[in-house]
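Peer 1: curious how this folds, go ahead:
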Amino acid sequence: MYYILFYKTTEDYLEKRGAYRPEHLDMINKAHEKGELVMAGALAEPADGAVLIFKGDSPQAAESFAQNDPYVKNGLIREWQVRQWTVVAGGE
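Peer 2: Predicted coordinates:
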């Protein structure tokens, strides 16, 4: 199953993320290496969110990621949500 972690960022996210970006990217790389995270990226024009796609038997990996993400912990993410995603084309 796939789970999408949706982030909604604060208006000053781009200005404030620099201090937390290395740790955030490290978390992304580790989750990807473990096979939990399929892909991730920020939304653009406007830069007001991000989408991270997880694969697993439950939403636990996506939820844990959000709860431990320095962007969330330091208030750069104003809202996050995990939703199960039913893929009908593509995927593995």
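Peer 1: which residues does the helix or strand harbouring residue 51 contact?
Peer 2: Using DSSP states H and E, residue 51 falls within strand 49-55. Applying C-beta atoms under 8 Å, 6 or more residues apart in numbering, the external contacts of strand 49-55 come out as 1-9, 28, 31, 35-43, 61-62, 65, 85, 92. Any C-beta I mention is one placed from the backbone N, CA and C, and that applies to glycine too.
Peer 1: again, only this time at 6 Å
Peer 2: Strand 49-55 is contacted from outside by 2-5, 7-9, 36-40, 42-43, 61-62, using C-beta atoms under 6 Å, 6 or more residues apart in numbering.
Peer 1: again with stretch 16-23
Peer 2: 70, 71, 74, 76.
Peer 1: report the buried members of those residues.
Peer 2: With neighbours counted by 16 or more other C-beta atoms under 10 Å, the contacts of stretch 16-23 contain buried members at 70, 71, 76.
Peer 1: of those, closest to residue 56?
Peer 2: Residue 56 has its nearest neighbour among the buried ones among the contacts of stretch 16-23 in residue 71, at 21.2 Å by C-beta to C-beta.
Peer 1: contacting residues around the closest one?
Peer 2: Counting by C-beta under 6 Å, 6+ apart, residue 71 has contacts 20, 24, 77.
Peer 1: what about the last one, neighbour count?
Peer 2: Using other C-beta atoms under 10 Å as the criterion, residue 77 is surrounded by 20 other residues.
Peer 1: for it, give the beta-bridge partners.
Peer 2: With DSSP bridges as the criterion, residue 77 is bridged to residue 9.
Peer 1: that one and residue 7 touch, don't they?
Peer 2: Yes - contact criterion C-beta atoms under 6 Å: residue 77 and residue 7 qualify, at 4.9 Å.
Peer 1: and stretch 43-61, how far out from the chain's middle?
Peer 2: Centroid separation between stretch 43-61 and its chain, computed with C-alpha atoms, centre = their mean, to the nearest Å, is 4 Å.
Peer 1: now the lowest-mean-pLDDT helix or strand in the chain: buried residues?
Peer 2: Lowest mean confidence among the helices and strands of the chain (mean pLDDT, DSSP states H and E): helix 13-16, at a mean of 92. Residues of helix 13-16 classed as buried by neighbour count (16+ other C-beta under 10 Å): residue 13.
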